[in-house]
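1. Just to be clear, the model below is a prediction. Sequence and coordinates:
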Amino acid sequence: MPKALLFIPDISGYTRFINNTEISHQQHIITELLEILLDTNDIGLELAEVEGDALFMYKADQIPDPEEILSLVRRMFIRFHSHLRYYDQYRICHCGACEGATGLNLKFVVHQGEVSYLRLKDFKPKPQGREVILAHRLLKNDIESKEYILLSHAMEQVSKNQILEIINAKTLQSGQQQYGNEDVGLISYHYADLGHLKNHVEEPEALRPAHINPNPLILEKKINIKPVDLFEIMINFDHRLKWNPGVEKITYDEKEMNKSGSQHICIIQGKEIEFETIQGPKEPGVWSFGEKSKVPIIGEVYVYFMIYPDEIGSKLKVEVHPNPSSRWINLILPLFKRKYRSILKDLLSNLKSYAESI
């Protein structure tokens, strides 16, 4: 049977969530991270299967050089944590999944051996056999570190010096694991901690300060629903068309979590209007976010949404902060605010009806 490299990046660190918002956001975050790992693969590894929060990848016939394998591990690890650091700075949600994302960990298991392939119709071949079982068993081990690269005994072509140099590991340690199975048994391996590579993660660009108008338009609405659920309805574009009848269509990146810098386009009265998600005012216990758009004639308009806990559920406060494109625009701002107030009143009534009905 031909040999293959078996390569498994595995994400861990999330606790179990029962809240629908947290479950949904967890899935979005994990999906983004897995796609980053796949995009970083430039040595021709094939994806056999997505296994929960892990990728089962392989390379048949020609095993990549040790330098290629170790360099890929280094790049994947740094890009993984770069994205987490970026997300933590730009996120607008404070649910358990979003706040806990920076605590996610990444480890790698690398093994090689003879494999056979399961071939079904037009699906890609999937490696199977004893070596595949062994590689997956190695994910369960007694290594104390949460982030590491584990190289099985079969990866003897990877030298200690290569590991220490390419991933800047301080030490390379040896380990053994008894898996209590006649087909697997006692397995030896080497491993190195990867946590130090976080020092190579760059800080994301600082957020731009929000625009604040000294005389904003302010509206409030009480809605009988939990703040976290109301927040999800408002930031989830799948809900937007259901409570904003003025929007004919919304286009956005369905795979991306809505965060600062996220963009979406609304078709309103046949015209495309671009919106950008921004950070809302920071207040303890308050769920907030904002959206920036360009209104013809007026210029940029910043709208902030703050959701406060209330005795019946939530109190939603909306602040509209125009940023006039020129001084003379200030003369027509009162007219703009009257029109915008009327639109917002109807919109908030629709939102209340929809939110309280689901």
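-> Okay, I see it.

2. which residues in the stretch 201-350 of the chain form helices?
-> 227-235, 237-243, 333-357 (DSSP state H, counting those that start in this stretch).

3. Turn those into JSON lines, columns for mean pLDDT.
-> As requested, the helices of the stretch 201-350 of the chain are arranged in JSON lines below (pLDDT from 0 to 100):
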{"stretch": "helix 227-235", "mean pLDDT": "96"}
{"stretch": "helix 237-243", "mean pLDDT": "93"}
{"stretch": "helix 333-357", "mean pLDDT": "95"}
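
4. May I see the buried residues of the helix or strand of the chain with the lowest mean pLDDT?
-> Lowest by mean pLDDT, DSSP states H and E among the helices and strands of the chain is strand 116-118, with a mean of 83. Residues of strand 116-118 classed as buried: Ser116, Tyr117 (neighbour count, 16 or more other CB atoms under 10 Å). For every residue, glycine as well, the C-beta is placed using N, CA and C.

5. Quick check: what element follows it along the chain?
-> Counting by DSSP states H and E, the next helix or strand C-terminal to strand 116-118 is strand 126-128.

6. Tell me which residues are up against the helix or strand just after that following strand.
-> Using DSSP H and E, the helix or strand that follows strand 126-128 towards the C-terminus is helix 130-137. Residues from elsewhere that reach helix 130-137, judged by CB atoms under 8 Å, 6 or more residues apart in numbering: 4, 6, 8, 56, 109, 111-115, 152, 154, 177, 179, 181, 183-184, 187.

7. could you flag which of those residues are buried?
-> For these, a burial check counting by 16+ other CB under 10 Å picks out 4, 6, 8, 56, 109, 111-113, 115, 152, 154, 177, 179, 184, 187.

8. And these, which two are furthest apart?
-> Pairwise distances among the buried ones among the contacts of helix 130-137 were taken by CB to CB; the largest, 21.5 Å, belongs to Ala4 and Gln177.

9. Can you flag which of the contacts of helix 130-137 belong to strands?
-> In this view, the contacts of helix 130-137 that belong to strands under DSSP state E are Ala4, Leu6, Ile8, Phe56, Val109, His111, Gln112, Gly113, Glu114, Ser152, Gln177, Ile187.

10. Flag the least confident of those.
-> Least confident entry in the ones in strands among the contacts of helix 130-137, by pLDDT: Gln177, with 85.

11. Can you name the residues bridging to that one?
-> Ile187 (DSSP bridges).

12. Tell me how far it lies from Ser326.
-> Using CB to CB, to the nearest Å, Gln177 is found at 70 Å from Ser326.

13. Please apply the same query to Glu276.
-> Using CB to CB, we find Glu276 at a distance of 22 Å from Ser326.

14. Between those two, which has more neighbouring residues?
-> Using other CB atoms under 10 Å as the criterion, Glu276 and Ser326 rank with Glu276 on top: 16 against 8.

15. ok, that one - contacts?
-> With CB under 8 Å, 6+ apart, Glu276 has these contacts: Gly261, Ser262, Gln263, Glu291, Lys292, Ser293.

16. just the buried members of these?
-> Buried members of those, scored by 16+ other CB under 10 Å, are Gly261, Ser262, Glu291, Lys292.

17. so where's the stretch 151-300 of the chain uncertain?
-> Confidence mapping of the stretch 151-300 of the chain against pLDDT under 70 gives the ranges 181-183.

18. who touches His239 in this structure?
-> Contacts for His239 (CB under 8 Å, 6+ apart) come out as Glu232, Ile233, Tyr354.

19. oh, I was asking about Leu138
-> Neighbouring residues of Leu138 by CB under 8 Å, 6+ apart: Val109, His111, Leu150, Ser152, Gln177, Ile187, Tyr189.

20. Relative to Asp346, which of those is nearest.
-> Closest approach to Asp346 among the contacts of Leu138 (CB to CB): Val109, at 56.0 Å.

21. ok, that closest one touching Leu139?
-> Yes: shown here, Val109 and Leu139 form a contact pair, counting by CB atoms under 8 Å, at 5.7 Å.

22. Please enumerate the shared neighbours of those two.
-> Both Val109 and Leu139 are contacted by Ile8, Asp10, under the criterion CB under 8 Å, 6+ apart.

23. Of the buried ones among the contacts of Glu276, which belong to strands?
-> With DSSP E as the criterion, strands contain Glu291, Lys292 from among those.

24. For Val303, state which of the buried ones among the contacts of Glu276 is nearest.
-> Using CB to CB, Glu291 is the member of these that lies nearest Val303, at 5.3 Å.

25. pretty sure that closest one contacts Phe275?
-> Yes: look at Glu291 against Phe275 with CB under 8 Å: they come within range, at 5.0 Å.

26. before we move on, the earlier item: would you turn the helices of the stretch 201-350 of the chain into a markdown table with distance to Lys255?
-> As requested, the helices of the stretch 201-350 of the chain are exported to a markdown table (distance: least, CB to CB, whole Å):
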| stretch | distance to Lys255 |
| --- | --- |
| helix 227-235 | 15 |
| helix 237-243 | 12 |
| helix 333-357 | 25 |
